[in-house]
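Chemist: missing the sequence, but the structure's below:
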Ligand SMILES: [Zn+2]
Ligand SMILES: [Zn+2]
């Protein structure tokens, strides 16, 4: 089975398109380990997604009563806000791009995913759950120490532990503590990088080691270390290919943009599949979804 893995795409549509293209052309299943979009959208994008005028974007005033009851007020302001509505539309757009691959996509959310991702078409949310595929058992857990305390994560672990067996590919948003979880800051007292992984997840994998452990969240620690893979996309912009039949794990560049020379020798660039005309010699060029030019 060939798995295409990534994490922390943070709503980047071009990366979603690349991922879907690659998945469609050469893989059996896609896995994404959270931070699927950001909890923020630029004002212009909110306006575009919701079709709003400048007047609609003016800050809303809140009464003393609302401000004195921050819990309720916060929920109301998040759920009712334009940001929340725009994010829901954005999630639908991103899910549509993923579904265009017509391959199963197993995912979990991360600490930035304000809006929920539900099972939709080929997409399955595996948080707290397991899915069997080609003899492998995918198990997901979304929480990090950013939004759930260690004590509360520890309370979730027995449920996850029961789902793990020898054929488990564990997918968590957070790295386990101490493994590819080094943030960009340095602890001068301990003379070590600041580790921001999860201790409950570390204890879980020590007790019940999965076959493979895929995660993200700590962008700076992208990489492969044995059976541990931090697939964070933003720093290096590479996906990860896992071939379970050969055991080969490698970095993958996206197919697009494809750079090539036309037979008239003009250098050209195509950012998606389709039919094009060389602007110099007018030859008709067809570029398929695997990036092949004819
Ligand atoms: Zn992230
Ligand atoms: Zn994160």
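Modeler: The structure has been received and is ready for your questions. This is a predicted model, so every value here is computed, not measured. Ligands and ions are numbered 1, 2, ... in the order given.
Chemist: how about the residues of the chain by ligand 1?
Modeler: Residues of the chain lying close to ligand 1 (Cβ under 5 Å from the ion) are 8, 35. Just so you know, the C-beta spots here come from the backbone N, C-alpha and C atoms, and that holds for glycine as well.
Chemist: switch to 8 Å and redo it
Modeler: By the rule Cβ under 8 Å from the ion, the part of the chain lying against ligand 1 is 7-8, 10, 34-35, 110-112, 216-217, 219, 232, 234.
Chemist: of these, grab the buried ones for ChimeraX.
Modeler: Command for ChimeraX that selects the buried part of these, burial taken from 16 or more other Cβ atoms under 10 Å:
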select :7,8,10,34,35,110,111,112,216,217,219,232,234
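Chemist: filtering the residues of the chain next to ligand 1 by proximity to ligand 2, which remain?
Modeler: The subset of the residues of the chain next to ligand 1 within reach of ligand 2, by Cβ under 8 Å from the ion, is 8, 34-35, 110-112, 216-217.
Chemist: how many neighbours does residue 218 have?
Modeler: Counted by other Cβ atoms under 10 Å, the residues lying close to residue 218 total 27.
Chemist: what's near enough to touch it?
Modeler: Neighbour list for residue 218: 174-175, 180-183, 196-197, 230, 232 [criterion: Cβ atoms under 8 Å, 6 or more residues apart in numbering].
Chemist: I'd like those as a markdown table, with pLDDT and secondary structure appended.
Modeler: Listed next are these as a markdown table, based on pLDDT from 0 to 100; DSSP: H, G, I helix; E, B strand; the rest coil:
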| residue | pLDDT | secondary structure |
| --- | --- | --- |
| 174 | 98 | coil |
| 175 | 98 | coil |
| 180 | 96 | coil |
| 181 | 96 | coil |
| 182 | 92 | strand |
| 183 | 87 | strand |
| 196 | 94 | coil |
| 197 | 96 | coil |
| 230 | 98 | strand |
| 232 | 97 | strand |
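Chemist: thinking again about what came up before, now for the residues of the chain next to ligand 1: which two are most distant?
Modeler: Greatest spatial distance in the residues of the chain next to ligand 1: 111 and 234, 14.5 Å, computed using Cβ to Cβ.
Chemist: the helices in the chain, which residues?
Modeler: With DSSP state H as the criterion, the chain has helices at 13-26, 43-50, 64-68, 70-80, 82-99, 150-163, 199-207.
Chemist: residues contacting stretch 14-31, please?
Modeler: Stretch 14-31 is touched from outside by 1-6, 9, 32, 94, 97-98, 100-107, 133-134, 138, 169, 171, 214, 233, 237, 239, 241, 252, 254-256, 272-273, 289-290, with contacts defined as Cβ under 8 Å, 6+ apart.
Chemist: got it, and stretch 249-262?
Modeler: With Cβ under 8 Å, 6+ apart as the test, stretch 249-262 has contacts from 4, 15, 17-19, 21-22, 25, 224, 229, 236-243, 267-273, 278, 280-281, 283, 285, 287, 289-291, 293.
Chemist: show me the shaky parts of this structure.
Modeler: Scanning the chain for pLDDT under 70 picks out 70-80.
Chemist: what's near enough to touch residue 153?
Modeler: Residues in contact with residue 153 (Cβ under 8 Å, 6+ apart) are 143, 145, 198, 200-201.
Chemist: is it possible to get JSON lines of those residues that adds neighbour count and distance to residue 52?
Modeler: JSON lines is the format used below for these (neighbours: other Cβ atoms under 10 Å; distance: Cβ to Cβ, whole Å):
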{"residue": "143", "neighbour count": "24", "distance to residue 52": "33"}
{"residue": "145", "neighbour count": "19", "distance to residue 52": "36"}
{"residue": "198", "neighbour count": "28", "distance to residue 52": "39"}
{"residue": "200", "neighbour count": "23", "distance to residue 52": "42"}
{"residue": "201", "neighbour count": "29", "distance to residue 52": "41"}
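Chemist: cool, thanks, signing off.
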